[in-house]
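Chemist: can't give you the sequence, but here's the structure:
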């Protein structure tokens, strides 16, 4: 009987250790959980926002740079991959600056990209 009691005690102690570990894990999860409360507000604002109009100067510069990128893509050389990566990053930065209504900074980015593509393209 004594051997059977020891096995029963081991099961109880293992079950207790598991229960305590699970409780601690749940407590840590509850304490560290941070809900994203702005999701409803963002969705509502996104539906009511009007489309942003870019300045004609930024649109023209964007089209010209995209045309240069298309020419570079049509060449399709293996060595063009780093050039394309840098150019796309610069194009996205310029677009972002124009969207933030930093037209001067955006146009400078477009001009830099045009010169850089002329040098490397």
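Modeler: Perfect, thanks for sending it. Note that the structure is a prediction, hence the values are computed from the model and not measured.
Chemist: can you name the next helix or strand after the worst-scoring helix or strand of the chain on mean pLDDT?
Modeler: When each helix and strand of the chain is scored by mean pLDDT, DSSP states H and E, helix 39-48 comes last, with a mean of 52. Sequence-wise, the next helix or strand downstream of helix 39-48 (DSSP states H and E) is helix 56-75.
Chemist: which elements pack onto that following helix?
Modeler: helix 81-99, helix 103-120 (3 or more Cβ pairs under 8 Å, 6 or more residues apart in numbering; DSSP states H and E). Backbone N, C-alpha and C define where each C-beta goes, glycine included.
Chemist: check the chain for its longest helix and report it.
Modeler: helix 2-32 (DSSP state H).
Chemist: buried sites along it?
Modeler: By 16 or more other Cβ atoms under 10 Å, helix 2-32 has no buried positions at all.
Chemist: now stretch 61-73
Modeler: For stretch 61-73, burial by neighbour count (16+ other Cβ under 10 Å) applies to 61, 62, 65, 68, 69, 72.
Chemist: ok so, going back, so for the longest helix of the chain, mean pLDDT?
Modeler: The average pLDDT within helix 2-32 is 77.
Chemist: off-centre distance for that helix?
Modeler: 41 Å (Cα atoms, centre = their mean, to the nearest Å).
Chemist: ok, now stretch 65-85?
Modeler: Distance, centroid of stretch 65-85 to centroid of chain: 24 Å (Cα atoms, centre = their mean).
Chemist: can you list contacts of it?
Modeler: Taking contacts as Cβ atoms under 8 Å, 6 or more residues apart in numbering, the residues outside stretch 65-85 that touch it are 87, 88, 91, 94, 110, 113, 114, 117, 118, 120, 121.
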